[in-house]
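A.B. asks: with the input below, show me the fold.
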Amino acid sequence: MDDDFIIQDIPGKGKGVIAARAISSGDLVLLESPLFTMTLSRTNTKILTAVSALTDSQQRQFFALANSLRGKLPPALGTFNTNVLPCGYNSNTTGHAATEGGIFVIGSRFNSSCVPNINNYWDEQLRQISFRAVRDIVAGEELCIAYTDLLSVRDERRRELHEKFAFECHCTACSLSGAQLEASDGRRSRLRQLYQEIAGCGMNPALGIRKVKHALTLLKEEGLLGFLDQSYYYDAFQFCTSVSDIASAKAWARKAWEAECRNKGPDCPEAKKMENYSRDPRAHLSFGMLRKQRLGGPD
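C.D. replies: Numbers count the residues shown, from 1 in each chain. This next block holds a predicted model:
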């Protein structure tokens with residue numbers, strides 16, 4: 001994996017990670033252990049205590065990381081907050097925050113994009129973080145993760161990134177202007193609405209399926225299909241399961257399994273769960289809850 005990328009200076013960004021070769025969707029780019037982890041109730045004193053337990057070389061690595069909060073927070077806390085990555089389930093879309101975060105010497109070098117090509121995932125069993133390609137990547141392309149809520153409009157994303165990391169995002173999505181920016185903001189706002197609307201379609205699964213397919217179309221148009229599609233596939237699976245549409249449920253579960261494998265790896269609990277459901281949708285608690293009907297699988 002180390003020959004998949006190089007770390008180099010990128011104009012206007014500091015250090016960044018560049019693909020050294022072509023990388024296929026789902027490939028594991030990096031698996032890294034943390035220097036140390038810390039709960040959400042972190043303080044400068046707690047961080048300094050953790051850093052003091054590191055080797056001299058590791059301490060130098062920590063303080064060589066970027067600190068976008070100089071003058072706002074003490075140096076150790078500012079460095080930690082600038083570079084921390086979640087060690088647990090974390091979703092910018094739902095607002096769910098992992099209760100633990102870690103510092104990763106290499107992982108901290110991945111810059112942000114609102115059209116990310118890399119997903120970071122904490123493997124609780126290994127106690128390591130993985131970085132996987134969510135789409136095919138060409139040699140020379142920068143490898144980026146998401147620092148912010150991707151379903152916010154451009155100005156809101158930029159505002160959050162500036163407040164937390166002191167930079168203005170100029171990724172491909174944030175660099176749009178005029179009608180293209182308006183269309184992008186509209187798609188992302190609509191995706192946020194659909195996320196809520198789909199959750200309320202439990203008693204109307206046919207409508208739910210239509211909304212899922214609309215969301216997937218918008219994700220594709222925004223270049224986010226490989227990054228945010230897992231939950232929509234799972235929703236569609238549940239709709240089909242509830243009406244005993246076994247063939248369609250299996251097809252949606254397969255799509256969800258593929259998405260989980262791509263973003264988190266085939267051994268993650270989510271992938272294993274969806275693999276089991278793709279074999280036997282009857283194992284889901286919602287199976288047969290509503291009258292039987294045919295909803296259809298993925299397009």
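A.B. asks: okay, CA-based contacts and neighbour counts for the rest of this
C.D. replies: OK.
A.B. asks: quick check, residue 132 in a strand?
C.D. replies: Yes. With DSSP: H, G, I helix; E, B strand; the rest coil as the criterion, residue 132 is part of a strand.
A.B. asks: which residue packs closest to it, ignoring adjacent ones?
C.D. replies: Among residues not flanking residue 132 along the chain, residue 28 sits closest, at 4.5 Å (C-alpha to C-alpha, 6 or more residues apart in numbering).
A.B. asks: contacting residues around the one you found?
C.D. replies: Shown in contact with residue 28 (C-alpha atoms under 8 Å, 6 or more residues apart in numbering): 1, 130, 131, 132, 133, 265.
A.B. asks: turn those into CSV, columns for pLDDT and neighbour count.
C.D. replies: Formatted as CSV, the contacts of residue 28 follow (pLDDT from 0 to 100; neighbours: other C-alpha atoms under 10 Å):
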residue, pLDDT, neighbour count
1, 61, 9
130, 97, 22
131, 98, 26
132, 98, 26
133, 98, 27
265, 97, 23
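A.B. asks: can you get me a residue count around residue 197?
C.D. replies: 15 (other C-alpha atoms under 10 Å).
A.B. asks: which other helices and strands contact the helix or strand encompassing it?
C.D. replies: Element membership of residue 197, judged by DSSP states H and E, is helix 178-199. If you count contacts as 3 or more C-alpha pairs under 8 Å, 6 or more residues apart in numbering; DSSP states H and E, helix 178-199 packs onto helix 205-222.
A.B. asks: for residue 199, give me its contacts.
C.D. replies: residue 235.
A.B. asks: same thing with residue 62?
C.D. replies: 51, 79, 103, 105.
A.B. asks: repeat that for residue 87.
C.D. replies: 37, 98, 99, 100, 101, 102, 121, 122, 123, 124, 129.
A.B. asks: now residue 203
C.D. replies: residue 290 are the contacts of residue 203 under C-alpha under 8 Å, 6+ apart.
A.B. asks: same check on the one 3 residues further on?
C.D. replies: For residue 206, the set of contacting residues under the criterion of C-alpha under 8 Å, 6+ apart consists of 239, 295.
A.B. asks: and the one 3 residues further on, by the same measure?
C.D. replies: Contact analysis of residue 209 by C-alpha under 8 Å, 6+ apart lists 236, 239, 295.
A.B. asks: do residue 228 as well
C.D. replies: residue 219.
A.B. asks: same question for residue 76.
C.D. replies: Contacts of residue 76 by C-alpha under 8 Å, 6+ apart are 44, 47, 48, 63.
A.B. asks: and residue 73, how far is that from residue 67?
C.D. replies: Distance, residue 73 to residue 67, by C-alpha to C-alpha, to the nearest Å: 10 Å.
A.B. asks: between those two, which is the more surrounded one?
C.D. replies: residue 67 (20 against 14).
A.B. asks: circling back: list buried residues within the contacts of residue 87.
C.D. replies: Neighbour counting by 16 or more other C-alpha atoms under 10 Å classes 37, 98, 100, 101, 102, 121, 122, 123, 129 among the contacts of residue 87 as buried.
A.B. asks: give the bridge partners for the third one, please.
C.D. replies: Assessed by DSSP bridges, residue 100 has beta-bridge partners residue 39.
A.B. asks: give me the local confidence score for it.
C.D. replies: pLDDT for residue 100: 94.
A.B. asks: from what I can see it touches residue 88, true?
C.D. replies: Yes. Using C-alpha atoms under 8 Å, residue 100 is in contact with residue 88, at 6.7 Å.
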